[in-house]
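Engineer: Sequence and computational prediction follow.
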Amino acid sequence: MEAKTLLAQNKLRVTQSREEVLSVFLSSTIALSNQVIEQQLDHIDRITLYRTLKTFEDKGIIHKVIDTTNKHKYALCVDGCTDHNHEDSHIHFECITCKNTSCINEVSTPELNLPPGYQVNSVDVIVKGFCSNCSN
Ligand SMILES: [Zn+2]
Ligand SMILES: [Zn+2]
Ligand SMILES: [Zn+2]
């Protein structure tokens, strides 16, 4: 999938920064923090990057990834996410060694049986361990 195609599918105007930021996500297998994206696109200003990420999140192109480093990270959404409606129900894996966080799309978050009166809005599961690059 090309960045331009994905932008068009989501009815977003193609701008240089949108195309560049999306390309970074498309070529990455791990969740990315603002700082990492800034490092890769050194001419992009912080406000533009912030707005671009917000637009992508609103459109269901990327989702926030929670991990224990307290950095906001984002990753590409897989099928099912649309405008203001994310369907990401997979777990995230945080590596103890390299600190990378990745989406494990093959494993869904568990269905929770909560006491009466509690309503689930979202479930975030972070699994910590050693990723495939660090485990051997
Ligand atoms: Zn999503
Ligand atoms: Zn690792
Ligand atoms: Zn994810």
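Structural biologist: That came through fine. Ligands and ions are numbered 1, 2, ... in the order given.

Engineer: going forward, measure contacts between C-alpha atoms and count neighbours the same way
Structural biologist: OK.

Engineer: The longest helix seen in the chain: what's the following helix or strand?
Structural biologist: In the chain, taking DSSP state H as the definition, the longest helix is helix 46-59. Next in sequence after helix 46-59, counting helices and strands by DSSP states H and E, comes strand 62-65.

Engineer: Output the contacting helices and strands for whichever helix or strand comes after that following strand.
Structural biologist: Scanning forward in sequence from strand 62-65 by DSSP H and E, the next helix or strand is strand 73-76. For strand 73-76, the elements it packs on are helix 16-26, strand 32-33, strand 62-65, judged by 3 or more Cα pairs under 8 Å, 6 or more residues apart in numbering; DSSP states H and E.

Engineer: taking those together, which one is wrapped up most tightly?
Structural biologist: Ranked by mean neighbour count under mean count of other Cα atoms under 10 Å, the helices and strands packed on strand 73-76 are led by strand 62-65, which reaches a mean of 22.

Engineer: packing partners for that one?
Structural biologist: Judged by 3+ Cα pairs under 8 Å, 6+ apart, strand 62-65 is in contact with helix 46-59, strand 73-76.

Engineer: follow-up on the earlier one: now the longest helix of the chain against helix 16-26, angle please.
Structural biologist: If you take axes from the mean of the first three to the mean of the last three Cα atoms, to 10 degrees, helix 46-59 sits at 60 degrees to helix 16-26.

Engineer: Would you agree E38 falls within a strand?
Structural biologist: No: using DSSP: H, G, I helix; E, B strand; the rest coil, the assignment for E38 is helix, not a strand.

Engineer: That one reaches Y50, doesn't it?
Structural biologist: No: between E38 and Y50 there is no contact under Cα atoms under 8 Å: 10.3 Å.

Engineer: Neighbour count: the two, which is higher?
Structural biologist: Between E38 and Y50, counted using other Cα atoms under 10 Å, the more crowded position is E38 (15 against 11).

Engineer: The residue nearest to K59 when sequence neighbours are not counted and ligand 1: what is the separation?
Structural biologist: Computed as Cα to Cα, 6 or more residues apart in numbering, the closest residue to K59 that is not its neighbour in sequence is D83, at 4.3 Å. D83 is 9 Å from ligand 1, where distance means Cα to the ion, to the nearest Å.
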